[in-house]
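[1] sequence first, then the predicted structure:
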Amino acid sequence: MQRILLCSVFLLILVGPALADEFLINGDFEQPLDVGWTDTVLSQAGSYAFSREDTFGQPMPGYAAKVYKYLARFASLRQTVDVTSLDLSLSFDGRFKIAGGSSTCWPVASLWIRYADANGTELGNTRICRSSVYSTWTSSDTVHIIEITDTTGAWNNYTVNLQEEVSTNLPGVKPEDVAKVTVDLFAYDNGT
């Protein structure tokens with residue numbers, strides 16, 4: 001059974017209240033992915049890929065980053081920024097595709113927003129994801145799962161106000177303790 005995980009993101013912007021304060025480096029992916037972004041792979045089986053691709057006008061002209069993982073574990077493309085408050089919004093066009101899955105091997109294509117303290121210790125996260133029906137990921141006081149219901153893999157626009165997200169959906173995370181935010185394109189499969 002084929003298990004494909006694909007997360008594509010176009011024009012990823014993390015901004016403060018004044019729109020001139022953009023925090024991400026190369027959030028439009030106009031430069032190679034090693035500018036501002038770090039990739040990590042834990043691969044117990046299968047292949048993975050990171051690519052920067054022309055969107056050919058979908059959703060608009062420019063480039064997108066794509067993270068792909070086939071079979072066991074994950075591929076991640078991420079960037080961490082220091083923040084003085086959560087008065088920020090993350091906005092992006094993205095598409096999330098998965099295929100296959102079973103009760104012992106389920107895929108997830110996702111974008112994580114990770115909240116950390118000044119030492120880099122993760123306090124909690126928000127996961128915007130397209131998951132297999134077999135996924136065991138669940139929300140808690142430090143994890144908020146936002147499930148994408150679109151099964152077409154079409155481009156959609158997403159915006160998350162970080163202050164509102166943490167205050168409303170992550171009661172185990174104190175907003176004043178957050179000093180770093182990581183944006184993470186995360187393709188995951190739990191088995192082989």
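    That came through, no problem.
[2] other SSEs contacting the helix or strand harbouring Glu53?
    For Glu53, the element it lies in under DSSP states H and E is strand 48-54. In terms of contacts (3 or more Cβ pairs under 8 Å, 6 or more residues apart in numbering; DSSP states H and E), strand 48-54 is packed against strand 63-70, strand 73-82. Where you see a C-beta, it was placed from the backbone N, CA and C, and this is true even at glycine.
[3] which SS state does Ala118 fall under?
    Following DSSP: H, G, I helix; E, B strand; the rest coil, we place Ala118 in the coil state.
[4] just how off-centre is the strand holding Glu53 within its chain?
    Distance of strand 48-54 from its chain centroid, counting by Cα atoms, centre = their mean, to the nearest Å, is 15 Å.
[5] residues making contact with stretch 111-118?
    With Cβ atoms under 8 Å, 6 or more residues apart in numbering as the test, stretch 111-118 has contacts from 7, 9, 78, 80, 86, 90, 92, 94, 96, 122-129, 158, 160, 162, 165-166, 170, 173, 177-186.
[6] distance of the residue nearest the centre of the chain from Ser76?
    By Cα atoms, centre = their mean, the chain has its centre lying nearest to Leu111, at 1.5 Å. According to Cβ to Cβ, to the nearest Å, Leu111 stands 11 Å off from Ser76.
[7] need the overlap of contacts for those two.
    Common neighbours of Leu111 and Ser76 (criterion: Cβ under 8 Å, 6+ apart): Asp184, Leu185, Phe186.
[8] before we move on, the earlier item: out of the helices and strands packed on strand 48-54, deepest packed?
    The highest average neighbour count among those, using mean count of other Cβ atoms under 10 Å, belongs to strand 63-70 at a mean of 23.
[9] quick one: mean pLDDT over it.
    In this model, strand 63-70 carries a mean pLDDT of 80.
[10] helices and strands around it, which ones?
    strand 4-15, strand 48-54, strand 73-82, strand 180-189.
[11] run a quick neighbour tally on Thr142.
    15 (other Cβ atoms under 10 Å).
[12] once you drop chain neighbours, what's closest to it?
    Gly124 (3.5 Å; Cβ to Cβ, 6 or more residues apart in numbering).
[13] return the distance of the helix or strand containing that neighbour from the chain's centre.
    For Gly124, the host element (DSSP H and E) is strand 122-131. Its chain's C-alpha centre lies 8 Å from the corresponding centre of strand 122-131 when counted by Cα atoms, centre = their mean.
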